[in-house]
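Peer 1: no sequence for this one, just the structure:
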């Protein structure tokens, strides 16, 4: 079974923005560079900046509680080392997320699109490892044929960006990824081991363009397919450069 990489995406601040990449160098045992490198700890979070170990998503602001975050995009300037964030309801903001003043500016900037009825954003923090939804350094892989099968169930086009995946794959049959657990993928110069399926949350209900909840994705998954999964988590077992358009081989 072969496919190709149709898109490469990273999310520098967990649940806050996405950035498309034409290519990226993967490292063994690591996430995509800068993917979920930072996160927004909410006002009740126990995240300890002095001991910045991995924490579950419940410690951070996320789209399940603040769906408008889904509409945020990010752009990294490698020369300046800064990130520019955009949202349809806000003016653009450029920051160095490791600068305390800029980090505070980001918290104030994101406040209007955060759900005030829930725990509010309090601190922009950096983890000792990427703040993925797994306690290991994962790369998420989304099968676009499975995505289109869900769109057929809801009866309208859907953006695959709802899934906030890292690698979008074209050319596989729908739900073929479920049978790849324990297999290895070769992409460009890199190899990835497929570990487990991804169970989905309510962040997928929000439109990536507007941030409005407009589709009950979880109900569509359950009624159409009898599960709540979309995509798989992988671990980089061999580093190397991957590019959009690269062939994917199942080993």
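Peer 2: Right, received. Where do you want to start? These numbers were taken from a predicted model, which means no experiment stands behind them.
Peer 1: So which residue is smack in the middle of this protein?
Peer 2: For the chain, the residue nearest the mean C-alpha position is residue 164 (3.6 Å; CA atoms, centre = their mean).
Peer 1: Next, that one: phi, psi?
Peer 2: phi 50, psi 40 (degrees, to the nearest 10).
Peer 1: I figured it was touching residue 18, is that so?
Peer 2: Yes. Using CB atoms under 8 Å, residue 164 is in contact with residue 18, at 6.7 Å. Just so you know, the C-beta spots here come from the backbone N, C-alpha and C atoms, and that holds for glycine as well.
Peer 1: what do those two both touch?
Peer 2: Counting by CB atoms under 8 Å, 6 or more residues apart in numbering, the common neighbours of residue 164 and residue 18 are 9, 11.
Peer 1: quick one: contacts for the residue nearest to the centre of the chain?
Peer 2: So residue 164 contacts 9, 11, 15, 18, 140, 203 (CB under 8 Å, 6+ apart).
Peer 1: Among these, which one has the most neighbours?
Peer 2: Most neighbours among these, by other CB atoms under 10 Å: residue 11, with 26 neighbours.
Peer 1: excluding its backbone neighbours, what's nearest it?
Peer 2: The shortest distance from residue 11 to any non-neighbouring residue, by CB to CB, 6 or more residues apart in numbering, is to residue 18 (5.2 Å).
Peer 1: Please tell me I have it right and the one you found contacts residue 71.
Peer 2: No. Residue 18 lies out of contact with residue 71 (CB under 8 Å); the separation is 10.0 Å.
Peer 1: got any residues that touch both of these two?
Peer 2: Looking at what touches both residue 18 and residue 71 (by CB under 8 Å, 6+ apart), the common residues are residue 208.
Peer 1: picking up where we left off before, how about the residue nearest to residue 11, what does it touch?
Peer 2: Residue 18 touches 9, 10, 11, 72, 73, 74, 161, 164, 208, counting by CB under 8 Å, 6+ apart.
Peer 1: List the buried residues for stretch 147-160?
Peer 2: By neighbour count with 16 or more other CB atoms under 10 Å, stretch 147-160 contains the buried residues 147, 149, 150, 151, 153, 154, 158, 160.
Peer 1: Does the second one touch residue 177 like I think?
Peer 2: Read it as residue 149. No. Applying CB under 8 Å as the test, residue 149 and residue 177 come out as separate, 11.8 Å apart.
Peer 1: so where do the helices sit in the protein?
Peer 2: 100-110, 144-154, 217-225 (DSSP state H).
Peer 1: what's the spacing between the last one and its chain's center?
Peer 2: From the chain centre to the centre of helix 217-225 is a distance of 20 Å (CA atoms, centre = their mean, to the nearest Å).
Peer 1: Just the buried residues of it, please?
Peer 2: 217, 218, 220, 221, 225.
Peer 1: Show me what stretch 29-39 is in contact with.
Peer 2: So stretch 29-39 is in contact with 8, 10-15, 21, 24-27, 47, 55, 59-61, 76, 97, 124-127, 129-132, 137-139, 166, 235-236, 239, going by CB under 8 Å, 6+ apart.
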